[in-house]
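Trainee: Structure for the following, please:
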Amino acid sequence: MPEYVTALADPTPPQYKPRTRNILKREEPGDPIVYFLTITPRLAATWLLHCNPVNRNERERRIAGMAIDMAKRKFGINGATICRNKDGEILDGQNRLHACAKAGFEQGESVTFRTIMVDDLDTSSQDSMDDIAARQVRDEVTPDGTGRYLDSTEYRPTKQQQLELIDAGGPEKDLILEAARIGEQSYAKLNRVSKGAVAFCFWLFTHIDETEAKFFFDQLIHEKATLVEPGKQARIAALVVDSPIHKLRTAIMARKNSNLITHEQWYVAAIIQGWNNHLEGSRRDIKVKLGGLGAKSFPQPHHPDV
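Mentor: Coordinates of the predicted model:
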């Protein structure tokens, strides 16, 4: 167990007693007990230590991101529940409890959050929870402020933190909106390619070299781009057959025309390969190994001066 759990948890296991006051009306026999509850760091840690015998591994970056929101009092009731079985064992909500305990350990035990509790469930109900939540693709790739990747990122930004970034305005907001527009264009022009992957790569490459990124994606999506060379008049440059960008476009179109399931990681890795080949003037084919695309093996986008 993490230090923040063992440090805060009560040493004595709590006794589970089904709640009878201030609960929502149970319409049918066998309905679970539903109510609102304020979770404190000590309560969260105690439940994690004593009432969490079987659960999935903690998602550390997700936990750290939620802990930041809780410490800022920005984690409110959102419809998510903490579920327990008839013995008081945690069936769902483990990561939120971890986040509360972590925030309390680091920021003080005044950190709390309100949640909807669902008690008295059959243990077998966890199977359907796992079907719904099983949950998300691992966050293998995370950019840092320089446009490079980290495999040791401390936390995964929550949706609240992402919205705060956009609401802050300024150049970053404009770039995010432009990336979304490029993603929408690519979906129509590149045979229903992953809009998110294209938008992310546009955002990433723009941080590396704005002019080169615009040229790269104009050629990739529209098969032509405005070319500006020092001392020369701007001209329209058509996509050249067998060029690095053409090879990338061909690989994306071929992938979508196949019967293979293509995850966003494949598109991101392929686009980064195409970007690197473009900067190097390499005519290598796009080759992405679907197995083993972890943070340590994921391709890094090159800079024009590298």
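Trainee: which ones are touching the residue nearest to Pro301 when sequence neighbours are not counted?
Mentor: In space, and not counting its chain neighbours, Pro301 is closest to Ile272: 5.1 Å by C-beta to C-beta, 6 or more residues apart in numbering. Heads up, the C-betas are built off the backbone N, CA and C, glycines and all. Ile272 sits next to 201, 298-301 when contact means C-beta atoms under 8 Å, 6 or more residues apart in numbering.
Trainee: residue farthest from the centroid of this protein?
Mentor: Gly231 (44.1 Å; C-alpha atoms, centre = their mean).
Trainee: sorry, back to before: quick check, nearest of the contacts of Ile272 to Pro2?
Mentor: Comparing the contacts of Ile272 against Pro2 with C-beta to C-beta places Phe298 closest, at 26.9 Å.
Trainee: How many neighbouring residues does the closest one have?
Mentor: 17 (other C-beta atoms under 10 Å).
Trainee: you'd agree it is up against Ala269?
Mentor: Yes - using C-beta atoms under 8 Å, Phe298 is in contact with Ala269, at 6.4 Å.
Trainee: So for the biggest strand by length in the chain, what gets flagged as buried?
Mentor: Ranked by residue count, the top strand of the chain under DSSP state E comes out as strand 113-121. Within strand 113-121, the residues scored as buried using 16 or more other C-beta atoms under 10 Å are 113, 115-121.
Trainee: wait, what's in contact with Asn257?
Mentor: Contacts of Asn257 (C-beta under 8 Å, 6+ apart): Asn191.
Trainee: and the host helix or strand of Trp275, how far from the chain's centre?
Mentor: Assigned by DSSP states H and E, Trp275 belongs to helix 264-280. Averaging C-alpha positions (C-alpha atoms, centre = their mean, to the nearest Å) puts helix 264-280 20 Å from its chain's average.
Trainee: Show me the helices in the stretch 1-150 of the chain, by range?
Mentor: Here the stretch 1-150 of the chain has its helices, by DSSP state H, counting those that start in this stretch, at 3-8, 41-50, 60-71, 94-107, 125-133.
Trainee: closest to Ala80 out of those?
Mentor: Comparing the helices of the stretch 1-150 of the chain by C-beta to C-beta, helix 94-107 comes nearest, at 7.1 Å.
Trainee: do you know how far Gln185 is from Val268?
Mentor: According to C-beta to C-beta, to the nearest Å, Gln185 and Val268 sit 17 Å apart.
Trainee: just Asn22 next, same as before
Mentor: 48 Å.
Trainee: Neighbour count: the two, which is higher?
Mentor: The neighbour comparison of Asn22 against Val268 (other C-beta under 10 Å) goes to Val268, with 24 against 8.
Trainee: Who are the contact partners of the residue nearest to that one when sequence neighbours are not counted?
Mentor: Taking C-beta to C-beta, 6+ apart, and ignoring the residues beside it in sequence, Val268 has Ala197 as its nearest neighbour in space, at 4.9 Å. Going by C-beta under 8 Å, 6+ apart, Ala197 touches 264, 267-268, 271.
Trainee: Pretty sure Lys195 sits against Ala179.
Mentor: No - at 9.7 Å, Lys195 and Ala179 do not qualify as touching, with contact defined as C-beta under 8 Å.
Trainee: which regions of this protein lie under the pLDDT threshold?
Mentor: 54-56, 126-157, 159, 165-166, 169, 259-261, 290-296, 306 (pLDDT under 70).
Trainee: What ranges does it have for its strands?
Mentor: Under the criterion DSSP E, the chain contains strands at 33-39, 81-85, 90-92, 113-121, 224-227, 235-238.
Trainee: Looking at those, spot the one closest to Lys173.
Mentor: Of all these, strand 224-227 sits nearest to Lys173, with 24.9 Å by C-beta to C-beta.
Trainee: Give me the distance from that closest one to the chain's centre.
Mentor: Counting by C-alpha atoms, centre = their mean, strand 224-227 is centred 33 Å from the centre of its parent chain.
Trainee: Likewise for stretch 185-203?
Mentor: On the basis of C-alpha atoms, centre = their mean, stretch 185-203 sits 17 Å off its chain's mean C-alpha point.
Trainee: Go through it and flag the buried ones.
Mentor: Buried residues in stretch 185-203, counted by 16+ other C-beta under 10 Å: 185-187, 190, 193-195, 197-203.
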